[in-house]
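Asker: Below are the sequence and a predicted model for it; my questions follow.
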Amino acid sequence: MILTIRTDKPESEIGLFDSHTKVAYQSWYAHRQLAETIHHRISIILEDNNKTLGDISGIVVYKGPGSFTGLRIGMSVANALAYSMDVPIVAQSGADWTGKGIDALQNGQNENSITPEYGSAANITKPRK
């Protein structure tokens, strides 16, 4: 099973794939509750499909561009899962990010730790005096 995660916008998405076959896919309006809901949603999609974290053989994540906080939370969760389960992880972007990511995993690619691509430089405001 391959776990997919997309958290670049208020509507977050997770999926389970068996090779390129979509087994399950969920989207929810996470917005400011992403950090509180993503772990629960991963648990639900696994339970609903009689799977456990032990069944995950790889992780594909949408790397951006997108929301700074959303990408950071999603990638932190994905990196932690990949590291703790010792499974490969890749990040992709574009319309077919899942397909490209699954292909990369099947070709033996493993980024070990992924980082987001925000799409532009950070807009940091000057501190008030």
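Answerer: Here it is on my side, so go on. Numbering: from 1, shown residues only.

Asker: if I've got this straight, residue 33 is in a helix?
Answerer: Yes - the assignment for residue 33 by DSSP: H, G, I helix; E, B strand; the rest coil puts it in a helix.

Asker: can you pull the contacts of it?
Answerer: By Cβ atoms under 8 Å, 6 or more residues apart in numbering, no residues touch residue 33. Every C-beta, even on glycine, is put in place using the N, C-alpha and C of the backbone.

Asker: From residue 78, how far out is it?
Answerer: Distance from residue 33 to residue 78, counting by Cβ to Cβ, to the nearest Å: 18 Å.

Asker: What of residue 68?
Answerer: Per Cβ to Cβ, residue 68 is found 16 Å from residue 78.

Asker: got it, and residue 45?
Answerer: Noted for residue 45: a distance of 14 Å to residue 78, by Cβ to Cβ.

Asker: Tell me which of the two has more neighbours.
Answerer: Set side by side, residue 45 and residue 78 show more neighbours around residue 78, with 25 against 18, by other Cβ atoms under 10 Å.

Asker: what about the closest residue in space to the more buried one that isn't next to it in sequence, how many neighbours?
Answerer: Leaving aside its sequence neighbours, residue 78 sits nearest to residue 61 (Cβ to Cβ, 6 or more residues apart in numbering; 4.6 Å). Residue 61 has 29 neighbours, counted by other Cβ under 10 Å.
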